[in-house]
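J.: Okay, predicted coordinates and the sequence, questions at the end:
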Amino acid sequence: MILKELISNLAILVAILFVYTQLTNSSPLRRTSSRRQKITAGILAGILSNVLMLYSIPLDRVIIDLRHIPVILMSYYGGSLPALITMVLIIIGRFLFGFTTQAVLAIIFIGGTTLLTLGITNLKLSKMKKVFLALTISNLIFTILLTFLSLRMDTLIFLVLSYWSISYLAGFLSFYVVEYVRRNQRTLNKYKSESVTDGLTGLNNVRKFEQLFNDVCTEARERDEKISLLYIDIDHFKTVNDTYGHVEGDQVLVELSHILTTTVRSFDHVSRNGGEEFTVILLDCPAQRAEEISERIRKKVQNHSFQLSTGQSISITVSIGIACYDETTNTPQLLIEEADQALYEAKQSGRNQVCLSNKFAPEHAYSCPEVYS
């Protein structure tokens, strides 16, 4: 009967843990998590422990269950704050069963388990050793406290053996479930990130650019906002690769990506669309402001010394084409075509240029002022 009820406790524990980790997989509990997240986790763990107490096993003046497992989990993953919150909620829940000698022993049990487990999690031990030690300490406290209840020897032995077995099983299985879900989620997040991130520079890749561009175009129409698109291309990049090799060329791309991300605003979208071609989506940005930002990028690149692994430094330049909704076009979807054509004009104008698409102007299609040469 005891084993059957303990296994029921175990099933409830594992099921709730699995659901919880699935619901929080985008932001799992860590020791570095926000205070709010730790408080929430502590409250949920306390509720779980009280649910386990509702399915506890009354036996000869003793109530046994797996309430200590959520405390150990909170101590390990979240630290003292969620663990102490869980402990307090367990104590409150236990008093609802009545204030008795058994209740006092239960408080000592959960308090000792919490404090000692918090100490164990700070030791420089492997994950499995920490789990094993925390469970062992908890089981020892439980066993010592049982001796104060003057149970029959056969009952005491059976109770201790059953409890230790299920406690170890529940503890390791609970950690396995949490780690399994977290590991799978990390793998999934990695694949998601790699599918939209350029592996070399860490910028958005062309797939992410297209997604962002479509979203931005929709929002621009709905909010009647101006958006600017920059097409950026490294001048004579093939010569860099041919002269210094593709490895050094990759280093140049990485350094350029850093210049781009540190020059534009934090909420703008920088992407590497392939090869030496980059794009920047400037949100709520008129054409004049886009020209200023583009010129700042051009000058930074021109004046930057790109360091190679050989210790040698080289200089490069970029050409930039700009299109703006709704100044150079009244159709957001045409920004790509116009920015690309403006980039072509910048290349044709001698490179190291910033060219603004000026489709609405009757006298010329593109503007590449001398000040940007």
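T.: Thanks, I have it. Numbering: from 1, shown residues only.
J.: how about the strands in the stretch 151-300 of the chain?
T.: Taking DSSP state E, counting those that start in this stretch as the criterion, the stretch 151-300 of the chain contains strands spanning 227-234, 269-274, 277-282.
J.: closest one to I110 among the ones you listed?
T.: strand 269-274 (50.2 Å; CB to CB). Bear in mind the C-beta positions are built from the backbone N, C-alpha and C, glycine included.
J.: just how off-centre is the closest one within its chain?
T.: From the chain centre to the centre of strand 269-274 is a distance of 21 Å (CA atoms, centre = their mean, to the nearest Å).
J.: where does the stretch 1-150 of the chain dip in pLDDT?
T.: By pLDDT under 70, the low-scoring segments of the stretch 1-150 of the chain are 1-3, 6, 25-26, 58-62.
J.: can we see that at 80?
T.: 1-10, 21-27, 55-64, 97-103, 149-150 (pLDDT under 80).
J.: coming back round to it: any chance of JSON lines for the strands of the stretch 151-300 of the chain, columns mean pLDDT and mean neighbour count?
T.: Shown next, in JSON lines, are the strands of the stretch 151-300 of the chain (pLDDT from 0 to 100; neighbours: other CB atoms under 10 Å):
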{"stretch": "strand 227-234", "mean pLDDT": "96", "mean neighbour count": "26"}
{"stretch": "strand 269-274", "mean pLDDT": "95", "mean neighbour count": "20"}
{"stretch": "strand 277-282", "mean pLDDT": "97", "mean neighbour count": "24"}
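J.: a markdown table please, covering the ones you listed and showing distance to G78.
T.: A markdown table is the format used below for these (distance: least, CB to CB, whole Å):
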| stretch | distance to G78 |
| --- | --- |
| strand 227-234 | 42 |
| strand 269-274 | 34 |
| strand 277-282 | 38 |
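J.: right, and those strands - which one's nearest G79?
T.: Using CB to CB, the strands of the stretch 151-300 of the chain put strand 269-274 closest to G79, at 36.0 Å.
J.: what sits up against the closest one?
T.: Applying CB atoms under 8 Å, 6 or more residues apart in numbering, the contact partners of strand 269-274 are 198, 200-201, 203-206, 208-209, 212, 216, 253, 257, 260-261, 264, 278-281, 283.
J.: now swap in stretch 5-14 and tell me
T.: Here stretch 5-14 makes contact (CB under 8 Å, 6+ apart) with 48, 51-52, 55-57, 64-66, 69-70, 162-163, 166, 169-170, 173-174, 177.
J.: Tell me the buried residues within the residues you listed.
T.: With burial judged by 16 or more other CB atoms under 10 Å, the buried subset of the contacts of stretch 5-14 is 48, 51-52, 56-57, 64-66, 69-70, 162-163, 166, 170, 174, 177.
J.: quick one: which of the residues you listed is nearest to I234?
T.: Closest to I234, out of all of the buried ones among the contacts of stretch 5-14 and judged by CB to CB, is V177, at 49.5 Å.
J.: Hmm, Y20 and the closest one touching each other?
T.: No - contact criterion CB atoms under 8 Å: V177 and Y20 do not qualify, at 9.7 Å.
J.: what helix or strand is E337 on?
T.: helix 335-348 (DSSP states H and E).
J.: On the pLDDT front, check the nearest residue to I234 once chain neighbours are set aside for me.
T.: In space, and not counting its chain neighbours, I234 is closest to E276: 4.0 Å by CB to CB, 6 or more residues apart in numbering. Note on E276: pLDDT of 95.
J.: and E276, how far is that from N189?
T.: 29 Å (CB to CB, to the nearest Å).
J.: so what's I107 up against?
T.: I91, R94 are the contacts of I107 under CB under 8 Å, 6+ apart.
J.: Am I right that it sits in a helix?
T.: Yes - counting by DSSP: H, G, I helix; E, B strand; the rest coil, I107 is part of a helix.
J.: ok, it to T117 distance?
T.: 16 Å.
J.: try G42
T.: Counting by CB to CB - G42 and T117 are separated by 14 Å.
J.: just T197 next, same as before
T.: 38 Å.
J.: Who has more neighbours out of the two?
T.: Applying other CB atoms under 10 Å to T197 and T117 shows that T117 carries more neighbours, namely 25 against 18.
J.: Could you name the specific helix or strand carrying that one?
T.: helix 101-121.
J.: quick revisit: indicate which one of the strands of the stretch 151-300 of the chain is closest to F97.
T.: Using CB to CB, the strands of the stretch 151-300 of the chain put strand 269-274 closest to F97, at 57.1 Å.
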